[in-house]
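In: Sequence plus predicted model, see below.
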Amino acid sequence: MDKPKVVLGVSGGIAAYKACELLRRLTESGHDVRVVPTASALHFVGAATWSALSGHPVSTEVWDDVHEVPHVRIGQQADLVVVAPATADMLAKAAHGLADDLLTNTLLTARCPVVFAPAMHTEMWEHPATQENVATLRRRGAVVIEPAVGRLTGVDTGKGRLPDPAEIFEVCRRVLARGVREPDLAGRHVVVSAGGTREPLDPVRFLGNRSSGKQGYALARTAAARGARVTLIAANTGLPDPAGVDVVQVGTAVQLREAVLKAAADADAVVMAAAVADFRPETYATGKIKKQDGREPDPIVLVRNPDILAEVSADRARSNQVVVGFAAETDDVLANGRSKLRRKGCDLLVVNEVGERKTFGSEENEAVVLGADGSETPVPYGPKEALAETVWDLVTRRLA
Ligand code: CTP
């Protein structure tokens, strides 16, 4: 089988050096990558680097190898075009259909999915001109990844950093797998909770659980690749931030509740994949609890935590908001799932059977998605992202 053809467009920003790693990841995972830099990109990383790493000639202009009509051919043959970094100037040109070099021509001739990974200073990103260009590109079906927050070129920090190349690669992989289908979550805001809450007993101890957060992160990544604005409420996961996703870190169930309710206020969908502790210690010892010779330890008194899923389901911030819960069950999986779905009042409940092979922390999952409308969607054993895609398929159907 032919390798999937990827065009890596590089525009002129300091983050161009990070595109070398993206290029490596793409080629090493079996993609045929043609790098099309702009002339200004070559101020940051030279043509020799792009050519050596991609194994293809590199040109910025339409006037090289004219007999091969590269300004049309490269775009027409591509299965995916990814522009990383995409400068404010490149977004403006793409939004307005300008075609004054090889990359902008390629963007006009490509009929495959297009991903932009913008990187620029915060002021340029927030400028209404850039924001309108981004909205235009998204409306036309391009996936524009939200920049990350962090250190910028100089000593300043803010929103505008190019996300980690490994995470841009993940977006590309998912967009390629989806093919030319519309990014069906474009214009939607979705909230996903992930990980497991920790309820502190004293400064060094907590009550926690084994949730890795991987299923929630897979949900966040797939939603971003389908064009959604994603807020990920992450409880103690230690996983890298997915590209283009706003990550809010929390520790306890009470903090998780606050973050979820705030983000849910304008959300189209809320997916509660986090393992929330049902109880927390009634008191928190400000000093470390010490063992005392000859004395039995004091019992730990627990109090109930709020049920966030039930609360979000009952007090919907929007009338058509879709709410999804997760449940891990050991016995009578479907019957318990059905009654939990009713009790919580959500639209969909992803029911996992906990047991061998289906342990916390694994890369795979197997589940049945129950719908409040009585539907049952089995998802066979497979990668967590496949389950995530099914959840979003069911959510988009309910949003439509
Ligand atoms: N959940 C929540 N708030 C809680 C506990 C759970 O929002 N305090 C959410 C989880 O994120 C998950 C779903 O509810 O989406 C399933 O939680 P689970 O703990 O299995 O439900 P319980 O009602 O506690 O049922 P059980 O009788 O199994 O304890």
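Out: That came through, no problem.
In: Could you chop the chain up by domain?
Out: For the chain, the domain assignment from automatic domain parsing gives the residue ranges 5-178, 189-399.
In: Tell me how far the shortest one lies from the chain's centre.
Out: Read it as domain 5-178. Between the mean C-alpha location of domain 5-178 and the chain-wide mean there is a distance of 19 Å, by C-alpha atoms, centre = their mean, to the nearest Å.
In: returning to what we had before: mean neighbour count and mean pLDDT for the domains of the chain - can I get that in a markdown table?
Out: All C-beta spots, glycine's among them, are computed from the backbone N, C-alpha and C. Supplementary listing: the domains of the chain in a markdown table, determined by neighbours: other C-beta atoms under 10 Å; pLDDT from 0 to 100:
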| stretch | mean neighbour count | mean pLDDT |
| --- | --- | --- |
| domain 5-178 | 19 | 94 |
| domain 189-399 | 18 | 94 |
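In: quick one, which of the ones you listed is nearest to the ligand?
Out: The stretch from these with the least distance to the ligand (C-beta to the nearest ligand atom) is domain 189-399; that distance is 3.3 Å.
In: Could you pick out the residues of the protein near the ligand for me?
Out: Taking C-beta under 6 Å from any ligand atom as the criterion, the chain approaches the ligand at residues 253, 272, 274, 276, 278, 305, 307-309, 325-327, 340.
In: now with 5 Å?
Out: Along the chain, the residues adjacent to the ligand under the rule C-beta under 5 Å from any ligand atom are Met272, Ala274, Val276, Asp278, Asn305, Asp307, Ile308, Leu309, Gly325, Phe326, Ala327.
In: any chance of those residues in CSV, with secondary structure too?
Out: Listed next are the residues of the chain next to the ligand as CSV, based on DSSP: H, G, I helix; E, B strand; the rest coil:
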residue, secondary structure
Met272, strand
Ala274, coil
Val276, coil
Asp278, coil
Asn305, coil
Asp307, coil
Ile308, helix
Leu309, helix
Gly325, strand
Phe326, strand
Ala327, strand
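In: Any chance of CSV for these, columns distance to Asn352?
Out: Putting these into CSV (distance: C-beta to C-beta, whole Å) gives the following:
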residue, distance to Asn352
Met272, 13
Ala274, 14
Val276, 15
Asp278, 17
Asn305, 21
Asp307, 19
Ile308, 18
Leu309, 15
Gly325, 11
Phe326, 7
Ala327, 7
